[in-house]
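Asker: need the 3D shape of this:
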Amino acid sequence: MLQTITQFAGRVLPTRVVHAHCDIPCGIYDPRDAIQAAQTVIRMTELIGELGVPSSVDDHNSFVRYVQVKEEHAEKAKHDILVIWADYFKPEHLAAHPELHTKVWEACKLGSYVKQHVDMAKAEEFKAALEEIGAAFTATKS
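Answerer: Presented below is the predicted three-dimensional model:
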């Protein structure tokens, strides 16, 4: 009986899986996760450069894995910093750090760039941009 009701409810009111950072003001925000993800982008960029052109199946497998991890972590860093920008920073924080909107926008553009390219200078610039945003975040805590 319970199974029948559950099946009926599932057809009438279908559910779907959603993913989101909680929008409850929990106060648990930390740019260090984004910075660590950017460090992973740097490391994967190093490994791709060291590998060069894959010459074997094992090299090709490593190359694909490095690229995948680089892209995942660039996206994670962008996501993490956007959550902090959208959910944590308040008008008084932006008044104290008027360049914050531009810094977040530029950091996200760099994140997109390092996903698309293998460029150590840009990967390091991405991490540095996130560290600047992290410094602004830390300043709001004091």
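Asker: so where's this protein shaky on pLDDT?
Answerer: 2, 5-6, 8-10, 12, 15-27 (pLDDT under 70).
Asker: okay, now residue 127: neighbour count?
Answerer: Applying other CB atoms under 10 Å, we find 23 residues neighbouring residue 127. For the C-beta atoms, the positions are set from N, CA and C on the backbone; glycine is no exception.
Asker: may I have the host helix or strand of residue 95 exported as PDB, CA atoms only?
Answerer: With secondary structure defined by DSSP states H and E, residue 95 is part of helix 91-96. Taking Å, rounded to 0.1, in the frame of the first residue of the first chain, the C-alpha atoms of helix 91-96 are listed here in PDB:
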ATOM      1  CA  PRO A  91      27.100  46.600   0.600                       C
ATOM      2  CA  GLU A  92      29.400  47.800   3.400                       C
ATOM      3  CA  HIS A  93      32.100  45.300   2.200                       C
ATOM      4  CA  LEU A  94      31.800  46.700  -1.300                       C
ATOM      5  CA  ALA A  95      32.000  50.200   0.000                       C
ATOM      6  CA  ALA A  96      35.300  49.300   1.700                       C
END
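Asker: give me the helices and strands touching that helix, please.
Answerer: helix 100-116, helix 120-141 (3 or more CB pairs under 8 Å, 6 or more residues apart in numbering; DSSP states H and E).
Asker: adding distance to residue 54, write these out as CSV.
Answerer: Shown next, in CSV, are these (distance: least, CB to CB, whole Å):
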stretch, distance to residue 54
helix 100-116, 19
helix 120-141, 19
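Asker: same for the longest helix anywhere in the chain, what does it pack against?
Answerer: If you go by DSSP state H, the chain has its longest helix at helix 57-83. Helix 57-83 sits against helix 32-51, helix 100-116, helix 120-141, with contacts defined as 3+ CB pairs under 8 Å, 6+ apart.
Asker: give me the distance between the closest residue to residue 125 other than its chain neighbours and residue 73.
Answerer: Excluding the flanking residues, the one nearest residue 125 by CB to CB, 6 or more residues apart in numbering is residue 110, at 5.8 Å. According to CB to CB, to the nearest Å, residue 110 and residue 73 sit 13 Å apart.
Asker: what about residue 71, how many neighbours?
Answerer: Neighbours around residue 71, by other CB under 10 Å: 16.
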